[in-house]
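In: got a predicted model here, sequence first, then my questions.
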Amino acid sequence: MGSFKRAVYMLAPFALYSVLLKTFLVSADMITSAVISSGNGAADLFRRHASVAEYMFNILAYTLTALILLLVFMKTDKPEKAVYAGKSKRALAIFVAFALGGILSVLLNRMIAFLIDMLGTDEKFYSAASFDPKTTPFIPGLILYVFVSPLLEEMTFRWLMYGRIEKHLGEIAAIILSSLFFGIMHIVPVQVIYASLMGLVIALLYRTKRDLLLCFIFHMAANAFIFIPPYLGTLAN
């Protein structure tokens, strides 16, 4: 296989992920705008629940993208089967992945916040993962950020990209490149750094255990530990 074909092969999951997700999100925005501008009863409903409708469409976009990726790549890129010495070993691994993901995300966010305060940088470039309870409805936000988004991203960057890069360039390249692409797709500078570092840890976890479920649990916990606390603070107040 030539170098160009190799590059296309390795980047195909990321390209398809990006195109599909962007297409679905843009289509959702167009549908929402069309309904709101129609002036009928549905328009008033969308205006009153605009934030919920937006998140529900986002959930649908992420879910459809995940399903299409699964259909396209399942036969050619079968996930590796993790092997554990008994169910208790896997249960322990899941618990450790959950705890590590949550703790590491909080520590990394605190470290970034400290550096931003120290440097006096505009906070709009932070945070690595910030959620405003005033603009993000809890249940749809929880489904999107804690369950659907981590699932799609782990499918794309660990199962598909990592596996394909490792096949042609080896483990080290797979760890580094899959982490960088995972970071780059977050766009905002600080989020790129945060996601790249988190992606590096998840890639190392995948390289060690070959268990996509552990990566999903780690990612899910990382998002949950950042997403949920602001809502707890709102309830307390």
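Out: Okay, I see it.
In: show me what contacts the nearest residue to Leu177 once chain neighbours are set aside?
Out: Computed as CB to CB, 6 or more residues apart in numbering, the closest residue to Leu177 that is not its neighbour in sequence is Ile165, at 5.3 Å. Backbone N, C-alpha and C define where each C-beta goes, glycine included. Listed by CB atoms under 8 Å, 6 or more residues apart in numbering, the contact partners of Ile165 are Met10, Ala173, Ala174, Leu177, Ser178.
In: just give me the closest of those residues to Ala113.
Out: Ala113 has its nearest neighbour among the contacts of Ile165 in Ser178, at 26.5 Å by CB to CB.
In: and the contacts of Ile165, which are buried?
Out: Buried by 16 or more other CB atoms under 10 Å: Met10, Ala174, Leu177, Ser178, out of these.
In: name the helix or strand for the second one, please.
Out: Taking DSSP states H and E as the criterion, the element that holds Ala174 is helix 171-184.
In: can you show me the CA trace of that helix as PDB?
Out: Extracted C-alpha coordinates of helix 171-184, given in PDB (Å, rounded to 0.1, in the frame of the first residue of the first chain):
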ATOM      1  CA  GLU A 171       2.000   1.700  18.800                       C
ATOM      2  CA  ILE A 172       3.800   5.000  19.600                       C
ATOM      3  CA  ALA A 173       2.500   6.700  16.500                       C
ATOM      4  CA  ALA A 174      -1.000   5.400  17.200                       C
ATOM      5  CA  ILE A 175      -0.900   6.800  20.800                       C
ATOM      6  CA  ILE A 176       0.400  10.200  19.700                       C
ATOM      7  CA  LEU A 177      -1.500  10.800  16.500                       C
ATOM      8  CA  SER A 178      -4.900   9.500  17.800                       C
ATOM      9  CA  SER A 179      -4.500  11.800  20.800                       C
ATOM     10  CA  LEU A 180      -3.500  14.800  18.700                       C
ATOM     11  CA  PHE A 181      -6.500  14.400  16.300                       C
ATOM     12  CA  PHE A 182      -8.800  14.000  19.300                       C
ATOM     13  CA  GLY A 183      -7.500  17.300  20.700                       C
ATOM     14  CA  ILE A 184      -7.500  19.100  17.400                       C
END
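In: for the top helix by length along the chain, packing partners?
Out: Ranked by number of residues, the top helix in the chain under DSSP state H is helix 3-38. Counting contacts by 3 or more CB pairs under 8 Å, 6 or more residues apart in numbering; DSSP states H and E, helix 3-38 is packed against helix 41-48, helix 50-73, helix 163-169.
In: what residues sit buried inside it?
Out: So helix 3-38, judged by 16+ other CB under 10 Å, has buried residues 10-14, 16-17, 20-21, 24-25, 28, 35-36.
In: ok so, going back, closest to Phe114 out of the buried ones among the contacts of Ile165?
Out: Ser178 (28.0 Å).
In: quick one on the thing from earlier: how about the contacts of Ile165 in CSV, adding pLDDT?
Out: Below are the contacts of Ile165 laid out as CSV (pLDDT from 0 to 100):
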residue, pLDDT
Met10, 92
Ala173, 96
Ala174, 96
Leu177, 96
Ser178, 96
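In: export those residues to JSON lines and tack on distance to Phe218?
Out: Compiled in JSON lines, those are given as follows (distance: CB to CB, whole Å):
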{"residue": "Met10", "distance to Phe218": "23"}
{"residue": "Ala173", "distance to Phe218": "21"}
{"residue": "Ala174", "distance to Phe218": "17"}
{"residue": "Leu177", "distance to Phe218": "19"}
{"residue": "Ser178", "distance to Phe218": "14"}
